[in-house]
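Colleague: following is a predicted model, sequence given first.
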Amino acid sequence: MLERIFSVLLVSSSKNFSNGIISALTENNYEVTLSDSVQKAKRILVEKDYDIIIVNSPVIDDFGMDFAIDEAEKNISGILMFVKPELEAEVYYKTYQYGILTLTKPTSKGILLQTIRLLCATIIKRESIQEKPKDLKTRLEEIRIINTAKMLLIEHKHISEDEAHKYLEKRAMNLRKSKVKIASEIIEEYYK
């Protein structure tokens, strides 16, 4: 059982195909939204982001490949295209560099679920990679605030950097606040 419910946008003009995919995914705890055209899918994506986009090519108003590539470039959705066996190699070579997976149709429920699970694992990995720069930016900002406070203490209290560092740590410990919070208060105090 999945801990997280993944959202899926299914872009397909075929009712039989759509019913089979929706049945397989909903019984495995995926939340599926159906679009019967590329234009409708684009409108849906303006309103909400989806973890996975499945395109059953061709769609009523488009082949679907350009749409899949555009979405792959815009967001971190995992994208899966279903194509006829005779088109699979051509579509694969045009889309793989965008991280788009291709499967031939018809396919088995087992292969579908295995591919969707692969996309889910990839999405989780991408999300964790994207969070790391945010953590690094936050940490760098905290270091900047602490260093600014230390410089102010050195300048106004005529103490060494080591003493300023110990002053921040001791004050943070005594007041049960973070060093960043104490540093921010010191900066405010001297810039009033």
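Modeller: Received, thanks.
Colleague: what's near enough to touch the residue located most distally from the centre of the chain?
Modeller: The outermost residue of the chain relative to its centre, with distances by Cα atoms, centre = their mean, is H158 at 47.7 Å. Going by Cβ atoms under 8 Å, 6 or more residues apart in numbering, H158 touches no other residue. In short, each C-beta sits where N, CA and C put it, glycine included.
Colleague: would you mind measuring from it to S178?
Modeller: In this view, H158 and S178 are 26 Å apart by Cβ to Cβ, to the nearest Å.
Colleague: return the helix or strand in the chain with minimum mean pLDDT.
Modeller: Using mean pLDDT, DSSP states H and E, the weakest-scoring helix or strand in the chain turns out to be helix 109-157, at a mean of 84.
Colleague: how far does it sit from the chain's center?
Modeller: Computed by Cα atoms, centre = their mean, to the nearest Å, the chain-centroid distance of helix 109-157 equals 12 Å.
Colleague: again, but for stretch 10-17
Modeller: Using Cα atoms, centre = their mean, the offset of stretch 10-17 from its chain centre is 26 Å.
Colleague: could you list the buried residues of it?
Modeller: Judged by neighbour count (16 or more other Cβ atoms under 10 Å), stretch 10-17 contains these buried residues: 10-14, 17.
Colleague: could you do stretch 108-117 as well?
Modeller: 112, 115-116.
Colleague: roughly how far does the nearest residue to D36 once chain neighbours are set aside sit from E71?
Modeller: The shortest distance from D36 to any non-neighbouring residue, by Cβ to Cβ, 6 or more residues apart in numbering, is to S13 (5.3 Å). The gap separating S13 from E71 is 17 Å, by Cβ to Cβ.
Colleague: swap in K179?
Modeller: From K179 over to E71 (counting by Cβ to Cβ), the distance is 43 Å.
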